[in-house]
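Let's see this in three dimensions:
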Amino acid sequence: MAPDRICVGAISGAFGVGGEVRLKSFCAQPEAIAAYAPLYTEDGARSFGVRITRAIPGGLAARLSGITTKEEADALRGTSLFADRERLPSLPDDEFYHADLIGLPVFDTGGAQLGTVRAIYNHGAGDILEIFAPGRRTALLLPFTKAVVPTVDLTAGRIVADPPEETGE
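Numbering: from 1, shown residues only. Next comes the predicted model:
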């Protein structure tokens, strides 16, 4: 995948029999995903124009350019969709694209490396950073809040965290 692209959504299957897809948008304004088209597959081999047709439970129904049958739409189930970074809005200083955080080293406030951001999760109560460190039996999960993660320095390529005291590994 080209490093100048950000994952903005995923196709969860066909919607109906006319070639529409079920689209899950990862954008703050779900319908904005269409404005970032063309959207690309992870390998960049395919691209699609997007027209949102309606909101549906769990996402959006959409037409993708070149997809005209239920079978073509179903074949795209599980496909992540990426937009060129320059088509996306600039973010305020305290907001970040997940793609910019994954892979960054994380240090504690004393300068000791805690590990590297492997993933970011959100189960409804806010973002959680998954920090992986060789030698740890389990990943370190940190709430992505100002109190726990006071510094994200994309220019220097590092995160400073002040994790709560651990009770054991």
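
Let's verify residue 110: helix, strand, or coil?
Of the three states, residue 110 takes coil under DSSP: H, G, I helix; E, B strand; the rest coil.

how much space between it and residue 148?
15 Å (C-beta to C-beta, to the nearest Å). For glycine as for every other residue, the C-beta is placed from the backbone atoms N, C-alpha and C.

residue contacts, residue 6?
Residue 6 sits next to 82, 83, 85, 88, 97, 99 when contact means C-beta atoms under 8 Å, 6 or more residues apart in numbering.

Buried subset of those, written for ChimeraX?
Entered in ChimeraX, the line below selects the buried ones among the contacts of residue 6, by 16 or more other C-beta atoms under 10 Å:
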select :82,83,88,97,99
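
want to throw the contacts of residue 6 into JSON lines with secondary structure, pLDDT and distance to residue 20?
Formatted as JSON lines, the contacts of residue 6 follow (DSSP: H, G, I helix; E, B strand; the rest coil; pLDDT from 0 to 100; distance: C-beta to C-beta, whole Å):
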{"residue": "82", "secondary structure": "strand", "pLDDT": "95", "distance to residue 20": "21"}
{"residue": "83", "secondary structure": "strand", "pLDDT": "95", "distance to residue 20": "20"}
{"residue": "85", "secondary structure": "helix", "pLDDT": "91", "distance to residue 20": "28"}
{"residue": "88", "secondary structure": "coil", "pLDDT": "90", "distance to residue 20": "24"}
{"residue": "97", "secondary structure": "coil", "pLDDT": "86", "distance to residue 20": "28"}
{"residue": "99", "secondary structure": "helix", "pLDDT": "85", "distance to residue 20": "28"}
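
Now flag whichever of the contacts of residue 6 is closest to residue 124.
Nearest to residue 124 among the contacts of residue 6 is residue 97, at 19.9 Å by C-beta to C-beta.

And the pLDDT for residue 123?
Note for residue 123: predicted pLDDT of 79.
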